[in-house]
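Participant: Model the structure of this input:
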Amino acid sequence: KDRNQAITALLQQHACDIIIADDGLQHYRMGRDVEICVVDGQRRFGNGWCLPAGPLRESVSRLASCDFVVINGETMHMRGDTLVNLATAETQPLSAWIGKTVHVVTGIGNPQRFIETLEQAGLQVIPHLYPDHHAFTGTELCVDDAHPILMTEKDAVKCRQFAVQHAWYLPIEAVLSEDFAQTLLTRLQGLPYG
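Facilitator: As a prediction, the model looks like this:
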């Protein structure tokens, strides 16, 4: 994937003021005005090694050139409180599922965080874990009991075509600390075209 071509195509179609590139730090050809690195507050830097020996895409020294380093769980936390049905888009509060047993079907890089979120909300989890970026075929949504299936929104995008009535996903939003949000806004407004 050529991110520069994608950005050019995006700008031809839409009047954008800001483009946020997920996993963009290592794409050096891509222009940028502000670099924000989000660090997993639980795993931090793992064993400190880069892929494939460790979890890092670049060495920790790269952080010195970033404008902001955001720690998930400190400067930012994740919030999800409403479940969405994969087939019907019906919504239910996560709190209404306290005590329910659910199948968690997911193919994300850190499934434990998602599982912990659900367990902390009072759900009993039966995990069905697949590798990050798993290409779902639909068979993963076939469970042998009546318990509902829960997945991340990232997984739901890949499973919409297999939408079954008992599958739900939990949208998550990143909530920035007020101090960081104000600092970032001030920085963006200070850009020549801000």
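
Participant: Please make it C-alpha for all contacts and neighbour counts, starting now.
Facilitator: Noted.

Participant: for the chain, what spans make up the helices?
Facilitator: 3-13, 111-120, 153-159, 178-189 (DSSP state H).

Participant: Output the ones you listed as CSV; include the columns mean neighbour count, mean pLDDT and distance to E35.
Facilitator: Formatted as CSV, the helices of the chain follow (neighbours: other C-alpha atoms under 10 Å; pLDDT from 0 to 100; distance: least, C-alpha to C-alpha, whole Å):
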stretch, mean neighbour count, mean pLDDT, distance to E35
helix 3-13, 12, 91, 16
helix 111-120, 16, 91, 25
helix 153-159, 18, 94, 23
helix 178-189, 13, 93, 11
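
Participant: Of all those, which one comes closest to V69?
Facilitator: Among those, helix 178-189 comes nearest to V69, with 10.1 Å by C-alpha to C-alpha.

Participant: Centre-most residue in this structure?
Facilitator: Among the residues of the chain, the one closest to the centroid is K154, at 6.9 Å (C-alpha atoms, centre = their mean).

Participant: quick one, domains of the protein?
Facilitator: For the chain, the structural domains run 3-76+175-189, 81-171, going by automatic domain parsing.

Participant: end to end, how far does the last one reach?
Facilitator: Taking C-alpha to C-alpha, to the nearest Å, the span from the opening residue of domain 81-171 to its closing residue is 8 Å.

Participant: mind checking which helix or strand of the chain has the lowest mean pLDDT?
Facilitator: strand 76-79 (a mean of 84; mean pLDDT, DSSP states H and E).

Participant: list the buried ones in that one?
Facilitator: The neighbour-count check on strand 76-79 (16 or more other C-alpha atoms under 10 Å) flags M76, H77 as buried.

Participant: What lies in contact with it?
Facilitator: V70, N72, I172, E173, A174, V175, L176, S177 (C-alpha atoms under 8 Å, 6 or more residues apart in numbering).

Participant: how near is the fifth one to R44?
Facilitator: What that stands for is A174. Distance of A174 to R44, given as C-alpha to C-alpha: 17 Å.

Participant: Same check on the last one?
Facilitator: Look at S177 and R44: by C-alpha to C-alpha, they are 19 Å apart.

Participant: Give me the distance between stretch 43-53 and the centre of its chain.
Facilitator: 19 Å (C-alpha atoms, centre = their mean, to the nearest Å).

Participant: hmm, who's touching it?
Facilitator: With C-alpha under 8 Å, 6+ apart, stretch 43-53 has contacts from V39, G54, P55, L56, R57, E58, S59, V60.

Participant: Distance-wise, check the third one relative to H128.
Facilitator: For P55, the distance to H128 equals 22 Å [C-alpha to C-alpha].

Participant: okay, now R29: neighbour count?
Facilitator: Neighbours of R29 under the rule other C-alpha atoms under 10 Å: 9.
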